[in-house]
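>>> how does the following fold in three dimensions:
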Amino acid sequence: MTRTDLAPPNVDSALIERLAVAFESLAKLVSPASDLQCYTPAQAAELLGKTENWVIEAIQDGRIPCTYIGKSPRLTADHIRWVQNNGERMPNKYSIRAA
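Next up is the predicted model:
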């Protein structure tokens with residue numbers, strides 16, 4: 001037995017269909033597997049706006065975090081966020097101003 005008095009009045013089935021499609025597309029963007037993605041130094045360099053050589057040298061010098069899969073260095077999204085957050089430099093209030 002269904003109750004028709006609980007159904008919302010004037011529900012547009014096309015609107016409901018569009019909302020369902022929107023929710024499905026959002027679910028694909030926030031999938032748990034996206035947290036597991038690792039980036040090559042070339043991919044990380046593109047995201048950071050640096051060269052691949054810069055990323056490789058920074059990994060070798062231990063200036064940025066990375067993880068190794070086998071012998072290959074990879075960067076996770078958290079590593080890339082770390083580089084972005086820790087690259088900020090604030091002006092020194094004691095520095096001599098240029099004339």
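
>>> who touches stretch 64-83?
35, 37-41, 44, 47-48, 55-56, 58-59 (CB atoms under 8 Å, 6 or more residues apart in numbering). C-beta here means a position set from N, CA and C on the backbone, and glycine is covered the same way.

>>> ok, of the residues you listed, which come out buried?
When the contacts of stretch 64-83 are checked for burial by 16 or more other CB atoms under 10 Å, the buried set is 38-39, 41, 44, 48, 55-56, 58-59.

>>> for these, work out which two are farthest apart.
Cys38 and Ala58 (16.4 Å; CB to CB).

>>> could you identify the longest strand within this structure?
strand 72-76 (DSSP state E).

>>> for that one, buried residues please.
Across strand 72-76, burial judged by 16+ other CB under 10 Å covers 73-76.

>>> tell me which residues of stretch 59-70 come out buried.
In stretch 59-70, counting by 16+ other CB under 10 Å, buried: 59, 64, 66.

>>> pull up the distance across it, start to finish.
End-to-end distance of stretch 59-70 (CA to CA, to the nearest Å): 15 Å.

>>> how far off centre is it?
Computed by CA atoms, centre = their mean, to the nearest Å, the chain-centroid distance of stretch 59-70 equals 19 Å.

>>> show the average pLDDT along it.
Stretch 59-70 carries an average pLDDT of 95.
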